[in-house]
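Engineer: next come a sequence and a model predicted from it.
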Amino acid sequence: MYVTKTIPECVKKESTSSNDDDEDEPIDPIGTVFVVPQDAEMPQIQAGTTAQVNIPIKCSLMFGGVGSTQISVGALPEGLSFASPGATYQMIFNNNEPQMLALNLTAEKNLKDGVYGIPLKISYKYDNSVNVSVKTDEVTAYIRVLEADGSQEGNGKLLIDSYKLDRPQIKEGESFQLSVTIVNRDDSAYNNVTVSLEGLSTQSLTTDGMLNMQTIPTIKEGESQTVTFKLRANDSMETGSYEIGVNVAADGSESTSEGTSSAQSISAKIFVPIQGTKASEDDKSNASKPQIIIESYDYGGMSVVGGQEFTLKMTFRNTSRETAIENMKMTVGNPASESDTDVAAFTPAKSSNTFFIERIGPGETFSREIALYPKADASPKSYGVRISYKYEAVLNNARQELSDEETISIPLTQPDRFEVSDVVLSGPVYMGDSASLSISYVNMGKSSVYNLSVKLEGENFTSGDMDTYIGNVESGNSDSFDTTLNPEAPGTITGKAIFTYEGPDGNAKSVEKEFSCEVMEMPTYDDPGTDMPVEPLPEESGGLPGWAKWAIGGGCAVLLVAAVIVIRKIRKKRQAMLDLEDDDEGV
């Protein structure tokens, strides 16, 4: 079950002209633009676990259009906390097409079974084809928490599973039906299951022709039963959500072979949205006083950046139809806070922060703008800007001094300073070997970056880290992405590493780094074969030192040469003597 609340700025504009024949002005959306579908299934989370809870949200606008939408999650119920940093989300909606808001939540183990409300503040720019104004809806979505020891199989649990109203909005004085579903997740049946309502009152919600209690004779194991109450809203009620308590008590079943279910008693809270006309006490006391409201404001985008000047444009309206406002002094400043960061988040950049307006007639509007400078070192979050008024008005024939103030919220982000170094790649690389790749990165900004991942793309390589999720990188932290590339063929490895992350503003960003490396065939060496003469190894002898062996070898060579020369001389001399003897015989 989901409840929405409309804030005053989403109303139809009143004409400032006294001529009834003038054409109608373009109107603002009446009621709440963003709703959680009535027929949507209630998200669940188990106590003691961390899980993603998907909340459906729909833009129910029938005319005009909205641009990019910012959703801020308010204070969570006690026992629920965020499992990831950041409570502001950027989403884009088409009319009547639900989108899922994914919240990473942690439920404490001791959290009781029941239904818990999550407040959402949805800011958007409404375009009615004539002008664009910033609007805000406040929506409360509800999730179901299951106790830590509960499971789909049971283990002794009788639960209030869900509830449903027969219409999304109940008007004062109307009768309506409330259906409550009870489920038995035990291994045995429960008897005499009594469902009762508490918190009913003749001043708000009462039963209509029936008791506030119903009994279910038996709910068997694994079954669910639904009881329906007919209720009625009081004839005069204020618009808002009204709480009803649901109590369930049951007797355990008789002993079976599988065991015995013990008596159970559980409770939960239900919130009923009422559209009323009754004025609150504050409205009654201020009914006759003219008031100034901020009808629209614009700061140039979905957020401002720390250290970068921006212009805040505001349009104001005198809500009184009868009384003029005179001599108004308007001051733009920071809200009073115990935190120094809140107090000094914005300072005037080029002018005074005070304006004087002599007169604003009944129903009239006026616009003012001021240049503001956000702190360069402010933490990324939404900061308030307070606009205070002091003015005069004639009431009951007497001039009175009146004052009022409003606070608007402006989200501030810090510049994205996530940096990635050049690629360090070893190379060239031989086939069969791997190339080492390393890329360093550092978050030099003041905000964390979220969901960092690295993807490798390219040709002629494979890697075991083609798609790697790293996670969040806190401010000031650095690390490196290291992997190896395996070449597929000789030639060139070419590719790029794509770093993808979410900046402090929630937008996805990417950084690409290219790389390349030559791949060569593994070198081979030829076998010389048997054609080459092989010198015999010298024989080892006596352990002489090497120089002695060389000396002996050299001496032997010299002796051999000398012997050859001597032999040749002897042979020549002998031949000469033989020749001489032949000559003597001839004589």
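Structural biologist: Cool, the structure landed.
Engineer: pairing partners for the helix or strand harbouring I244, with directions?
Structural biologist: Taking DSSP states H and E as the criterion, I244 maps to strand 240-252. The strands beside strand 240-252 in its sheet (DSSP bridges) come out as strand 190-198 (antiparallel), strand 264-275 (antiparallel).
Engineer: domains in the protein, by residue range?
Structural biologist: Listed by automatic domain parsing, the domain ranges of the chain are 1-148, 149-278, 283-413, 418-520.
Engineer: which of these sits closest to I567?
Structural biologist: I567 lies closest, by Cβ to Cβ, to one member of the domains of the chain: domain 418-520, at 61.0 Å. Where C-beta positions appear, they are placed from N, C-alpha and C, glycine not excepted.
Engineer: show me the contacts for the residue nearest to E108 when sequence neighbours are not counted.
Structural biologist: Leaving aside its sequence neighbours, E108 sits nearest to G79 (Cβ to Cβ, 6 or more residues apart in numbering; 4.5 Å). G79 makes contact with 47, 107-108, 110-111, 116, 145, according to Cβ atoms under 8 Å, 6 or more residues apart in numbering.
Engineer: which of the strands paired with strand 240-252 comes out lowest on mean pLDDT?
Structural biologist: For the strands paired with strand 240-252, mean pLDDT drops lowest on strand 264-275, to a mean of 81.
Engineer: show me the strands in the stretch 101-250 of the chain, by range?
Structural biologist: 114-127, 132-146, 158-165, 170-171, 175-184, 190-198, 205-207, 213-219, 224-233, 240-252 (DSSP state E, counting those that start in this stretch).
Engineer: any chance of those in JSON lines, with distance to Y430 too?
Structural biologist: JSON lines is the format used below for these (distance: least, Cβ to Cβ, whole Å):
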{"stretch": "strand 114-127", "distance to Y430": "59"}
{"stretch": "strand 132-146", "distance to Y430": "59"}
{"stretch": "strand 158-165", "distance to Y430": "66"}
{"stretch": "strand 170-171", "distance to Y430": "78"}
{"stretch": "strand 175-184", "distance to Y430": "66"}
{"stretch": "strand 190-198", "distance to Y430": "74"}
{"stretch": "strand 205-207", "distance to Y430": "81"}
{"stretch": "strand 213-219", "distance to Y430": "73"}
{"stretch": "strand 224-233", "distance to Y430": "68"}
{"stretch": "strand 240-252", "distance to Y430": "72"}
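Engineer: right, and the ones you listed - which one's nearest K513?
Structural biologist: strand 114-127 (36.4 Å).
Engineer: measure the closest residue to G427 other than its chain neighbours to S426 for me?
Structural biologist: Leaving aside its chain neighbours, G427 sits nearest to C517 (3.6 Å; criterion: Cβ to Cβ, 6+ apart). Using Cβ to Cβ, to the nearest Å, one gets 8 Å for the distance from C517 to S426.
Engineer: quick one, which of these two is more surrounded?
Structural biologist: The neighbour comparison of C517 against S426 (other Cβ atoms under 10 Å) goes to C517, with 20 against 14.
Engineer: neighbouring contacts of the helix or strand hosting the more buried one?
Structural biologist: Element membership for C517, per DSSP H and E: strand 508-520. Residues from elsewhere that reach strand 508-520, judged by Cβ under 8 Å, 6+ apart: 416, 418, 420, 422-423, 425-431, 435, 437, 439, 458, 460, 485, 487, 489-503.
Engineer: what is in contact with C517 and S426 at once?
Structural biologist: Residues touching both C517 and S426 by Cβ under 8 Å, 6+ apart: A435.
Engineer: if we can go back for a sec, next, the buried residues of the strand holding I244.
Structural biologist: Counting neighbours by 16 or more other Cβ atoms under 10 Å, one finds that the buried residues in strand 240-252 are 242, 244, 246-252.
Engineer: show me where this protein has helices.
Structural biologist: Remark: helices assigned in the chain by DSSP state H are 281-285, 340-343, 546-586.
Engineer: give the rounded mean pLDDT of the first one.
Structural biologist: To tie it back to what came earlier, the one meant is helix 281-285. Per-residue scores along helix 281-285 average to 51.
Engineer: how about the strands of the stretch 351-500 of the chain, start to end?
Structural biologist: In the stretch 351-500 of the chain, the strands defined using DSSP E, counting those that start in this stretch lie at 354-360, 365-374, 381-395, 398-413, 418-420, 424-425, 429-430, 435-443, 449-459, 461-462, 467-473, 478-487, 491-502.
Engineer: would TSV of those with distance to T311, mean pLDDT and mean neighbour count be doable?
Structural biologist: Below are the strands of the stretch 351-500 of the chain laid out as TSV (distance: least, Cβ to Cβ, whole Å; pLDDT from 0 to 100; neighbours: other Cβ atoms under 10 Å):
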stretch	distance to T311	mean pLDDT	mean neighbour count
strand 354-360	14	94	14
strand 365-374	5	93	17
strand 381-395	13	90	18
strand 398-413	12	89	15
strand 418-420	28	93	17
strand 424-425	45	92	15
strand 429-430	56	91	18
strand 435-443	30	94	19
strand 449-459	28	93	17
strand 461-462	51	94	18
strand 467-473	33	93	14
strand 478-487	36	94	17
strand 491-502	27	94	18
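Engineer: what's opposite I360 in the beta bridge?
Structural biologist: Under the criterion DSSP bridges, I360 forms beta bridges with I325.
Engineer: M520 versus that one, what's the distance?
Structural biologist: As judged by Cβ to Cβ, I360 and M520 stand 82 Å apart.
Engineer: now do S478
Structural biologist: Between S478 and M520 the distance is 34 Å, computed by Cβ to Cβ.
Engineer: then D235?
Structural biologist: Look at D235 and M520: by Cβ to Cβ, they are 90 Å apart.
Engineer: swap in T218?
Structural biologist: Counting by Cβ to Cβ, the gap from T218 to M520 is 81 Å.
Engineer: how many residues are close by R167?
Structural biologist: 11.
Engineer: do I have it right that it meets L178?
Structural biologist: No: assessed by Cβ atoms under 8 Å, R167 is found out of contact with L178, at 10.8 Å.
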